[in-house]
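Colleague: please work out how this folds:
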Amino acid sequence: MSAPDHTLIQTTEHAINQTHQSAEHAVHELPNFITVLHNTFPETAIISFFHHWENIIFSLIAAGIILTLFIRAARKKTIVPRGIQNFCEFLVDGIQTFVVGILGERGRAHVPFLGTLFVYILLMNWMGLIPLLKSPTSGWSITVALALFTTVYVQAVGIKEQGLGHYLKHIAGNPQNAFGFVLIPLMLAINISVEFIAVPLSLSLRLFANISSEDRLLYQFAELNVLFSWVPFFFQIFANFLALAFSIVQAFVFMLLSTVYISLVLPHDDHHGHEIETKNQALVH
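Modeller: Next up, the predicted model:
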C-alpha cells in the first residue's frame, strides 16, 4: 500500500471517529450531575457505568424519595394529621376517590398500584425541572418498562377476577355460535395484538414523547439564555410552569388509562344491581 493511500485511510477513519463522537456528545437536555461527572472524569469506570445506566439511577432515586416520604408520613400517627402526614393522606384520599369513582368499590383493591404509579411517574417527570437532575421518563426504556408492568398487572387482574376459563374466552372474542368459533384464530390475533402490543406501546410512547419534548424545550430556552442573556429568561420561567403542569397531566393520563384498562377486564355482571334490589326489598319489608 502506498503512502498516499495509507494517509487517505487514516484521514477517513479519523473523520468517522469524529462523527461518532459528535453523535455521542449531541445533547438535547440539560446536564445532570452524572453527565457532568462523566465529562469531567471520562476514564473512570464507575462513573461510566452510572452514565450508561443513568435513567435507571434516577428512577431509583425517585423510588427512594417516595419510600422515605411515605414511611415518614406513616410513622406520624396523630389523630389530627399535620404536615407530611396531612399531605400524604390528602393525596391518597384523592386518588382513592378517583379510582373508586371509575371502578366502584372493587377499585379500592387497586388504589395502591394506581396511586403508586401516579406518584412515581409524577416525581420522575418533575425531576427534570430540578438543576443537575434528570427526568427518567424522558427515556423510552423507563416508560416501556412502566407500560409492560402495567399490562402484566391488568392481565393478572383479568385472570383473577374472571377466572382463567372466562379470561381465555374473552381473549378468544366470546364465541357464542359456530361462526364465532370459526373466528377464534382471528379474534385471538387481534386481541393479543391490542392487549399485549398496542396498549404498552401507546402508554409508553405517549409518556416518552411528551416528557422528552419538555426536556428539549427547556434545553433550547437555556441555550437562548446563554446566547442572548436576559431576553428569553421570562420565556424560560413560562416554559418551566408549562412543564410543571404538563407533567401532572401526563402522570394523570397514564393512571387514568391504566384504570380504564382494569375496568375493561373486570367481570361485568348484574350482581351490583341485584344487591341494590335486595336491599330495597329488605327496606320495604
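Colleague: when you work out contacts or count neighbours from here on, use the C-alpha atoms and nothing else.
Modeller: Noted.
Colleague: got any ranges where the stretch 1-150 of the chain has weak pLDDT?
Modeller: 1-27 (pLDDT under 70).
Colleague: how does it look with 90?
Modeller: 1-31, 42-43, 72-89, 131 (pLDDT under 90).
Colleague: quick one, helices of it?
Modeller: 3-25, 33-40, 45-52, 54-75, 83-103, 111-126, 140-162 (DSSP state H, counting those that start in this stretch).
Colleague: now these in TSV, please, with extra columns for distance to Met187.
Modeller: Putting the helices of the stretch 1-150 of the chain into TSV (distance: least, C-alpha to C-alpha, whole Å) gives the following:
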stretch	distance to Met187
helix 3-25	44
helix 33-40	48
helix 45-52	42
helix 54-75	37
helix 83-103	26
helix 111-126	29
helix 140-162	17
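Colleague: could the ones you listed be laid out in JSON lines, adding mean neighbour count and distance to Ala172?
Modeller: Conversion of the helices of the stretch 1-150 of the chain to JSON lines gives the following (neighbours: other C-alpha atoms under 10 Å; distance: least, C-alpha to C-alpha, whole Å):
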{"stretch": "helix 3-25", "mean neighbour count": "11", "distance to Ala172": "47"}
{"stretch": "helix 33-40", "mean neighbour count": "16", "distance to Ala172": "48"}
{"stretch": "helix 45-52", "mean neighbour count": "16", "distance to Ala172": "42"}
{"stretch": "helix 54-75", "mean neighbour count": "16", "distance to Ala172": "37"}
{"stretch": "helix 83-103", "mean neighbour count": "16", "distance to Ala172": "24"}
{"stretch": "helix 111-126", "mean neighbour count": "21", "distance to Ala172": "28"}
{"stretch": "helix 140-162", "mean neighbour count": "18", "distance to Ala172": "14"}
